[in-house]
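Colleague: Okay, sequence plus prediction incoming.
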Amino acid sequence: MKKQLRNLVFLPVILLLALFLPGGCGQRDAGAENRVVVFAASSLTDVFQELGQAFSRKHPEIEVQFNLAGTQTLVNQLRQGAEADLLASADTAYVDEIAAAGMVAASRAMAYNRLVLAVYPDAAGRIRGGEDLSGPVRLVLAAEQVPAGRYTRQALEQIEAVEGPGFAARVLAKAVSQELNVRQVLSKVTLGEADAGFVYYTDAVAAGDKVVIRELPPAGQVRATYVLARLRPAPNPGGGQAFYDFVLSPAGQEILARRGFMPNNYSASRPVGGRTAND
């Protein structure tokens, strides 16, 4: 009798575990085969939403879901077991890192970008370029572990070779905050919480008249490389391959170019928008 009671007590527990543990009852998410999960750098927010819409028109049977954040945040999530079919990284280093861990099935540079200064309009009269950052400026930039932050520090070191020793340190000392993704940097500038920030050209253009775009001097030009990686294990390898192929196709590259990215073949012209240094 006691044994029967024990069985009655444990049976519901076993059933609950079978239902909620991964792979319970031998069933997987019924919608996984019709869904592609894409982890993408925050600077790709606008263009990947457009790419997703264009892809869905060609493949209406596949739903595209995006997780948008700083590349370093996305990679940390993948390391901790998050499942995704694709990673769109704002640099090569993070893709190389997870590839070394066996998490990448294939990867390719999909587009390029560049850094500019996004300047709050009220501060545009006293910030004409990178050389003006050593003056009284409230600066915001991406943290060092963020791809945009790495590119920023590289650009400052290159400018220092022209401006003289200590330039990079003086500029970095002006930072009122260091953000976890480049969209947060842009937000600080558009809200007037900072006079200027280092952002990608495409982000500055997307802000329209909320910022004035100042080009960095030739010595500070840095090319940002965006890499698209197919991940493994992937919930939907077939769907992931289809989206991967679409982004790298002429149609996908044209969408990237229209949004201000330099496509991986450099064949399309880059549009100019926003308020530039000549305005």
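Modeller: That came through, no problem.
Colleague: how about the strands in this protein?
Modeller: Here the chain has its strands, by DSSP state E, at 35-41, 63-69, 86-89, 104-119, 139-142, 175-179, 196-200, 212-215, 223-231, 262-263.
Colleague: how about the ones you listed in JSON lines, adding distance to residue 154?
Modeller: All C-beta atoms are positioned from the backbone trio N, CA, C, and that covers glycine. Putting the strands of the chain into JSON lines (distance: least, C-beta to C-beta, whole Å) gives the following:
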{"stretch": "strand 35-41", "distance to residue 154": "17"}
{"stretch": "strand 63-69", "distance to residue 154": "22"}
{"stretch": "strand 86-89", "distance to residue 154": "17"}
{"stretch": "strand 104-119", "distance to residue 154": "9"}
{"stretch": "strand 139-142", "distance to residue 154": "12"}
{"stretch": "strand 175-179", "distance to residue 154": "16"}
{"stretch": "strand 196-200", "distance to residue 154": "11"}
{"stretch": "strand 212-215", "distance to residue 154": "16"}
{"stretch": "strand 223-231", "distance to residue 154": "10"}
{"stretch": "strand 262-263", "distance to residue 154": "18"}
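Colleague: which residue packs closest to residue 176, ignoring adjacent ones?
Modeller: Excluding its sequence neighbours, the residue lying closest to residue 176 (C-beta to C-beta, 6 or more residues apart in numbering) is residue 138, at 5.0 Å.
Colleague: now what about stretch 161-170, what contacts it?
Modeller: 131, 134, 153, 156-157, 159-160, 217, 219 (C-beta atoms under 8 Å, 6 or more residues apart in numbering).
Colleague: Take stretch 102-110, keep the C-alpha atoms, and write them as PDB.
Modeller: Once non-C-alpha atoms are left out, stretch 102-110 reads as follows in PDB (Å, rounded to 0.1, in the frame of the first residue of the first chain):
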ATOM      1  CA  GLY A 102      33.300  24.700 -33.100                       C
ATOM      2  CA  MET A 103      30.100  26.800 -33.200                       C
ATOM      3  CA  VAL A 104      30.400  28.100 -36.800                       C
ATOM      4  CA  ALA A 105      29.500  26.000 -39.800                       C
ATOM      5  CA  ALA A 106      30.400  28.700 -42.400                       C
ATOM      6  CA  SER A 107      31.000  32.500 -42.400                       C
ATOM      7  CA  ARG A 108      31.600  35.300 -44.800                       C
ATOM      8  CA  ALA A 109      32.100  39.100 -44.800                       C
ATOM      9  CA  MET A 110      28.700  40.400 -45.800                       C
END
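Colleague: Sort out which residues of it are buried, please.
Modeller: Buried positions in stretch 102-110, judged by neighbour count with 16 or more other C-beta atoms under 10 Å: 103-105, 107, 110.
Colleague: Closest one of those residues to residue 243?
Modeller: Closest to residue 243 out of those is residue 110 (11.4 Å), distances taken as C-beta to C-beta.
Colleague: residues in contact with the closest residue to that closest one other than its chain neighbours?
Modeller: Nearest residue to residue 110 in three dimensions, chain neighbours excluded: residue 228, at 4.3 Å (C-beta to C-beta, 6+ apart). Residue 228 sits next to 86-89, 107-108, 110, 244, 247-248 when contact means C-beta under 8 Å, 6+ apart.
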